[in-house]
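> sharing a model prediction with you, sequence too.
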Amino acid sequence: DGGITQSPKYLFRKEGQNVTLSCEQNLNHDAMYWYRQDPGQGLRLIYYSQIVNDFQKGDIAEGYSVSREKKESFPLTVTSAQKNPTAFYLCASSIPPAGPEAFFGQGTRLTVV
Amino acid sequence: KNEVEQSPQNLTAQEGEFITINCSYSVGISALHWLQQHPGGGIVSLFMLSSGKKKHGRLIATINIQEKHSSLHITASHPRDSAVYICAVSGNQFYFGTGTSLTVIP
């Protein structure tokens, strides 16, 4: 079955450490996205990529980095520069960008202590 | 201004009640999505709609493209339906509502 997989579901890290969240899809989707959700708030766009080797900043990109070396994979690194990294992170993919065929991962809940 | 508005923000129902959650949007879309998120849990995609109506078990989703409005209905609600329900639209990017927190009391 085709789908989008985020791992792990829960992640704990010490303050000051970089951490990478995984997002893999086998849907042959060109576009992939990362969103962040804080308690009681809506989802906000961190980064998106419409093709391999290209990506753009979203609304809250500071303190995050991404890569898109393969069509299937769009990992998100939460760097030590991110002041409030504890949040829920959601990955999505679609074809065409934000098009009618869109799938969402189950999310990763990151807690930094 | 939010591109996607949901109502109500919070909803409490007795087990067995019929529930409706509404979503209005202001942008052009290619599809609308209903997502479910249990407390402390991940996201589950319930429906993806571009027209008409879809049904899955006790859940029904409808969309009116002309009115830019969608509804999610839950028939015979159950405590396990307690979750946050999020409306999202695909336009030139994704836009998300802030969610409706549903609590179903036994």
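Noted; the coordinates are in hand. Residues are numbered from 1 along each chain as shown, chains lettered A, B, ... in the order given.
> tell me the pLDDT of the residue in chain B positioned nearest to chain A.
For chain B, the residue positioned closest to chain A under CB to the nearest CB is residue B:42, at a distance of 3.3 Å. C-betas here are computed from N, CA, C, even on glycine. pLDDT for residue B:42: 84.
> now residue A:21
Among the per-residue scores, residue A:21 holds a pLDDT of 96.
> packing partners of the strand or helix carrying it?
When secondary structure is defined by DSSP states H and E, residue A:21 falls within strand A:19-25. Here strand A:19-25 touches strand A:4-7, strand A:10-13, strand A:31-37, strand A:76-78, strand A:87-95, strand A:108-112, going by 3 or more CB pairs under 8 Å, 6 or more residues apart in numbering or on different chains; DSSP states H and E.
> could you say which of those strands is packed most deeply?
Stretch with highest mean neighbour count among the helices and strands packed on strand A:19-25: strand A:31-37 (a mean of 26; mean count of other CB atoms under 10 Å in any protein chain shown).
> how about the residues of chain A near chain B?
With the criterion set to CB under 8 Å from any CB of the partner chain, chain A comes near chain B through A:6, A:9, A:33, A:35, A:41-43, A:45, A:48, A:90, A:92, A:94, A:97-107, A:109.
> cutoff 7 Å now
Counting by CB under 7 Å from any CB of the partner chain, the residues of chain A close to chain B are A:9, A:33, A:41-43, A:45, A:90, A:92, A:94, A:98-100, A:102-104, A:106-107.
> buried among these? Make that a ChimeraX selection.
In ChimeraX, selecting the buried portion of these, with burial taken from 16 or more other CB atoms under 10 Å in any protein chain shown, looks like this:
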select /A:33,42,43,45,90,92,94,98,99,102,103,104,106,107
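> could you check the distance from the closest residue to residue B:96 other than its chain neighbours over to residue A:77?
Of all residues beyond its chain neighbours, the one nearest residue B:96 is residue A:43 (4.3 Å), with distances taken as CB to CB, 6 or more residues apart in numbering or on different chains. Using CB to CB, to the nearest Å, one gets 19 Å for the distance from residue A:43 to residue A:77.
> got a list of what residue B:71 touches?
When contacts are counted by CB atoms under 7 Å, 6 or more residues apart in numbering or on different chains, residue B:71 touches B:20, B:21, B:22, B:62.
> which among those residues end up buried?
Among those, those that count as buried by neighbour count (16+ other CB under 10 Å) are B:21, B:62.
> show me what from chain B comes close to chain A.
Chain B comes close to chain A at residues B:30-31, B:33, B:35, B:42-43, B:45, B:48, B:50, B:90-94, B:96-99, as judged by CB under 7 Å from any CB.
> now, those residues that are in strands?
Within the residues of chain B next to chain A, membership in strands is found for B:31, B:33, B:35, B:43, B:45, B:48, B:90, B:94, B:96, as judged by DSSP state E.
> out of those residues, who's nearest residue A:25?
Each of those was checked against residue A:25 using CB to CB; the closest is residue B:45, at 13.2 Å.
> give the closest residue to the closest one in space, chain neighbours not counted.
Leaving aside its chain neighbours, residue B:45 sits nearest to residue A:104 (5.4 Å; criterion: CB to CB, 6+ apart).
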